[in-house]
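Participant: Please find the sequence and the predicted model below.
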Number of protein chains: 2
Amino acid sequence: MSRTDPWIQDRAINRQVTLVSRPAGEPRKADFKLLEEAVPEPGEGQLLCRTVFLSIDPYMRGRMNDAKSYSSPVALGGVMIGESIAEVIHSNDPSASAGSYVRFSGGWQDYFVCDAKDATVVLQASERGNTSDLMQLSRYLGVMGMPGLTAYVGLLDIGQPREGETLVVSAATGAVGSIVGQIGRLHGCRVIGVAGSGRKCDYAINTLGFDDCVNHHSDRFKHDIAAACPNGIDIYFENVGGKVFENVLPLLNVGSRIPLCGGISYYNLTSLPRGGDKVPVVMRALLVQRVKLQGFIITDHDDRRAEFEANMKNWLEQGTISYREDFSDGLALAPAALIDVLSGNNFGKKVVRVGKVE
Amino acid sequence: MSRTDPWIQDRAINRQVTLVSRPAGEPRKADFKLLEEAVPEPGEGQLLCRTVFLSIDPYMRGRMNDAKSYSSPVALGGVMIGESIAEVIHSNDPSASAGSYVRFSGGWQDYFVCDAKDATVVLQASERGNTSDLMQLSRYLGVMGMPGLTAYVGLLDIGQPREGETLVVSAATGAVGSIVGQIGRLHGCRVIGVAGSGRKCDYAINTLGFDDCVNHHSDRFKHDIAAACPNGIDIYFENVGGKVFENVLPLLNVGSRIPLCGGISYYNLTSLPRGGDKVPVVMRALLVQRVKLQGFIITDHDDRRAEFEANMKNWLEQGTISYREDFSDGLALAPAALIDVLSGNNFGKKVVRVGKVE
């Protein structure tokens, strides 16, 4: 690449959101810092990419801790991790020409360089349509991306839904939950959502087609969830933990399954919740009802991606599956977007529009 | 049956151990009462049986509570439930002649009547050998019975052991754990026991052939269990819960499995353990390490019994599997035997010798 590349000449600054302190509890904006660096230069076989859409997901909270997990933490002073859709600005590899769009874990920044072999081309330059088509590329971060695959694998492979079973989905209008419930409906399940507002519940019922949806902020939540599940629960898709899990537990049927996808109510904890250890209660319920509870991390399941993408493409084309995105505009809003996601203030898949689609 | 049956004439009293109060916490002997009733009379298709061996198992504690579970509680004033080996005294069915031995949930009493179709003949009258052969019939309550099948199904179907994996077994010298570990060895696992005394640990290593065994009463338990599992844990066979589970949790490998068979450390709890709710810690570990935790109740798995019995018979004949029984003598000692089992004071499969073998 030459520094005379006209695109770069105009935009020689790479803004980055870095992690400057590890939060205790809820992240604060002061835990992040916006830096400006030079735009990196791609080497042999590499691409220089300009971030257009940045995905904001609950798992990012875990990467802010210096704790052993399924992936390394973000280093202090390092760029926050995250998957994005980006335009190839300069290509040193024949697999993706400039003007193509790729998906890659580019992080919270305007530009990044990656090995072409590690990036997934979601739109070749030759297939570029108009701007409104390009705007839809964000779906590769959501319904057609990691959250969609998470829903697909967790529900079908671990949950193993059967016609007529009751499926309860927590974080029901979120990026994963909304897809879980809709795929559950396609498999003949009675689907009950759990969400954090009446508006979200209305959306789950009226737009997503769930059979019912219960607001976990209601004082009557314990009663409402039981009333919504008169035949008990056969699959509980776990995204949240905490109070929702506790109230689902007594409703589990014999032989029920819990795909354990996340526990967002725990992510900002700084100490064990008070009021006694409920592990004995959980274990007793899992034993007495012969429950299978299985944790999974979607990066283990790339072998399921081709089938998922083919099915989801059909469902979207047929209008069988709906999805909703919740955009924030501008890289500088990424910290606030994550804080919102962790407290349930998003409504749909959270995406930050970092760069113009043009 | 006629009251002139000479056997009954001599022994017309049926002693029964009944439940007279529901324990709060550890059962006390005063929760039980020894009654004397008339020996019941068998009807059409029924057997009158004389209890010889009574099995004492941890699950019995759950049946003493008036709580929803996988089986009904023992009624107040009712005879304590339990599986036994019994001699058929009088038969009104051709399937089991007098002098045969059967296995049946006869309860804590000298005599019972059952439908012949519900009893399992473990020795036909025509095959009766000498007294020492008859003494071995207790194995049908242990290694060849419910605890053996529990070990077999839990380890093989849920645990799915693979050559070279590390298997940790709690309650390692108990009726179930001792068999789990030995079957694990046969499948090429490195087997680490957890037991409650140095003597039990020595037995697990020297007689059962475990690779190592750790005493959970040691102050260094957390260190010892980690040191015994340098490659982490691939299967944790859960019989106990509590401190053992908490210290196993950080050692679980990615993709590990937890057959959830019991939680004996919880059975006598009267309130939630203090010190904060550890559910978030458990859920995080299960998620990050993609663990499958699955509860099971052995009565669901009768379809596995034939294969189990054939394999276990071979293993016993070849001397591949060892087992140990811990006898109490006399029906009146059954309450103390259960109290012992719940506090880990037994050493091997607990069996009460109720009647003479003759």
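Facilitator: The structure has been received and is ready for your questions. Residues are numbered from 1 along each chain as shown, chains lettered A, B, ... in the order given.

Participant: which phi and psi does the nearest residue to residue A:37 once chain neighbours are set aside have?
Facilitator: In space, and not counting its chain neighbours, residue A:37 is closest to residue A:14: 4.8 Å by C-beta to C-beta, 6 or more residues apart in numbering or on different chains. From N, CA and C alone the C-beta is placed, and that goes for glycine too. Main-chain dihedrals, residue A:14, degrees, to the nearest 10: phi -110, psi 110.

Participant: wait, residue A:14 sits on residue A:41?
Facilitator: No: at 11.1 Å, residue A:14 does not count as touching residue A:41 under the criterion of C-beta atoms under 8 Å.

Participant: Between the two, which has more neighbouring residues?
Facilitator: Shown here are residue A:14 and residue A:41; by other C-beta atoms under 10 Å in any protein chain shown, residue A:14 has more neighbours (18 against 15).

Participant: For the residue lying closest to residue A:186 once chain neighbours are set aside, pull up the helix or strand it's in.
Facilitator: Leaving aside its sequence neighbours, residue A:186 sits nearest to residue A:320 (C-beta to C-beta, 6+ apart; 6.8 Å). Counting by DSSP states H and E, no helix or strand carries residue A:320.

Participant: Contacts only, for residue A:320.
Facilitator: Residue A:320 makes contact with A:182, A:186, A:314, according to C-beta atoms under 8 Å, 6 or more residues apart in numbering or on different chains.

Participant: Any chance of these in TSV with pLDDT as columns?
Facilitator: Output for the contacts of residue A:320, formatted as TSV (pLDDT from 0 to 100):
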residue	pLDDT
A:182	98
A:186	98
A:314	97
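
Participant: ok, and the most crowded of those?
Facilitator: Busiest of those [other C-beta under 10 Å] is residue A:182, holding 24 neighbours.

Participant: What ranges in the stretch 101-250 of chain A fall below the confidence cut-off?
Facilitator: For the stretch 101-250 of chain A, no stretch has pLDDT under 70.

Participant: What residues does it have near chain B?
Facilitator: With the criterion set to C-beta under 8 Å from any C-beta of the partner chain, the stretch 101-250 of chain A comes near chain B through A:238, A:241, A:245.

Participant: Just among the residues you listed, which is most surrounded?
Facilitator: residue A:238 (26 neighbours).

Participant: ok, it to residue B:193 distance?
Facilitator: According to C-beta to C-beta, to the nearest Å, residue A:238 and residue B:193 sit 32 Å apart.

Participant: Is there a neighbour count for residue A:26? I'd like the number.
Facilitator: Other residues close to residue A:26 by other C-beta under 10 Å number 13.

Participant: Now do the same contact list for it.
Facilitator: A:268, A:339, A:342, A:343.

Participant: Surely it forms part of a strand?
Facilitator: No: read with DSSP: H, G, I helix; E, B strand; the rest coil, residue A:26 is coil and lies in no strand.

Participant: and the closest residue to residue A:250 other than its chain neighbours, what pLDDT?
Facilitator: In this structure, residue A:250 finds its nearest non-sequential neighbour in residue A:285, 6.9 Å apart by C-beta to C-beta, 6+ apart. For residue A:285, the model assigns a pLDDT of 97.

Participant: Relative to residue A:163, how far out is residue A:285?
Facilitator: Relative to residue A:163, residue A:285 is positioned 25 Å away (C-beta to C-beta).

Participant: Which of these two has more residues huddled nearby?
Facilitator: Comparing residue A:285 with residue A:163 by other C-beta under 10 Å, the one with more neighbours is residue A:285, at 18 against 8.

Participant: got the angle between the helix or strand hosting that one and helix B:279-288?
Facilitator: For residue A:285, the enclosing helix or strand under DSSP H and E is helix A:279-288. Inter-element angle recorded for helix A:279-288 and helix B:279-288: 50 degrees (by axes from the mean of the first three to the mean of the last three C-alpha atoms, to 10 degrees).

Participant: other SSEs contacting helix A:279-288?
Facilitator: helix B:242-248, strand B:252-260, helix B:279-288, strand B:292-295 (3 or more C-beta pairs under 8 Å, 6 or more residues apart in numbering or on different chains; DSSP states H and E).

Participant: what about residue A:55, neighbour count?
Facilitator: Neighbours of residue A:55 under the rule other C-beta under 10 Å: 25.

Participant: Give me the local confidence score for residue A:96.
Facilitator: Residue A:96 is assigned 94 on the pLDDT scale.

Participant: With the one 3 residues further on instead?
Facilitator: pLDDT for residue A:99: 95.

Participant: Checking it next. Helix, strand or coil?
Facilitator: Using three-state DSSP, the structure places residue A:99 in coil.

Participant: for residue A:351, same thing?
Facilitator: strand.

Participant: Please verify my assumption that it contacts residue A:57.
Facilitator: No: using C-beta under 8 Å, residue A:351 is not in contact with residue A:57, being 10.1 Å away.

Participant: For the two, work out which one has more neighbours and name it.
Facilitator: Applying other C-beta under 10 Å to residue A:351 and residue A:57 shows that residue A:351 carries more neighbours, namely 24 against 21.

Participant: what pLDDT does the more buried one get?
Facilitator: pLDDT at residue A:351 comes out at 98.

Participant: Equivalent analysis for residue A:2, please.
Facilitator: pLDDT, residue A:2: 43.

Participant: Which residue ranges of the stretch 151-300 of chain A form helices?
Facilitator: Secondary structure of the stretch 151-300 of chain A (DSSP state H, counting those that start in this stretch): helices at A:177-186, A:198-206, A:221-228, A:242-248, A:279-288.

Participant: what about the last one, distance to the chain center?
Facilitator: Distance of helix A:279-288 from its chain centroid, counting by C-alpha atoms, centre = their mean, to the nearest Å, is 29 Å.

Participant: outside of that helix, which residues touch it?
Facilitator: Outside of helix A:279-288, the residues within contact range by C-beta under 8 Å, 6+ apart are A:246, A:249-250, A:252, A:291, A:293, B:68-70, B:238, B:241-242, B:245, B:260-263, B:266, B:269, B:272-273, B:277-279, B:282, B:293-297.

Participant: which of the residues you listed count as buried?
Facilitator: Among the contacts of helix A:279-288, those classed as buried by neighbour count (16 or more other C-beta atoms under 10 Å in any protein chain shown) are A:246, A:249, A:252, A:291, A:293, B:69, B:238, B:241-242, B:245, B:260-263, B:266, B:269, B:273, B:277-279, B:282, B:293-297.

Participant: Buried residues, stretch A:64-75. List them.
Facilitator: In terms of neighbour count (16+ other C-beta under 10 Å), stretch A:64-75 has its buried residues at A:64, A:69, A:73, A:74.

Participant: tell me the angle the longest helix seen in chain A makes with helix A:177-186.
Facilitator: Looking across chain A with DSSP state H, the single longest helix is helix A:305-318. Comparing the axes of helix A:305-318 and helix A:177-186 via the same axes, to 10 degrees yields an angle of 80 degrees.

Participant: I'd like to know which elements helix A:305-318 is packed against.
Facilitator: If contacts are counted by 3+ C-beta pairs under 8 Å, 6+ apart, helix A:305-318 sits against helix A:146-153.

Participant: Centre of the chain to the helix it packs on, how far?
Facilitator: For helix A:146-153, the distance to the chain centre is 9 Å (C-alpha atoms, centre = their mean).
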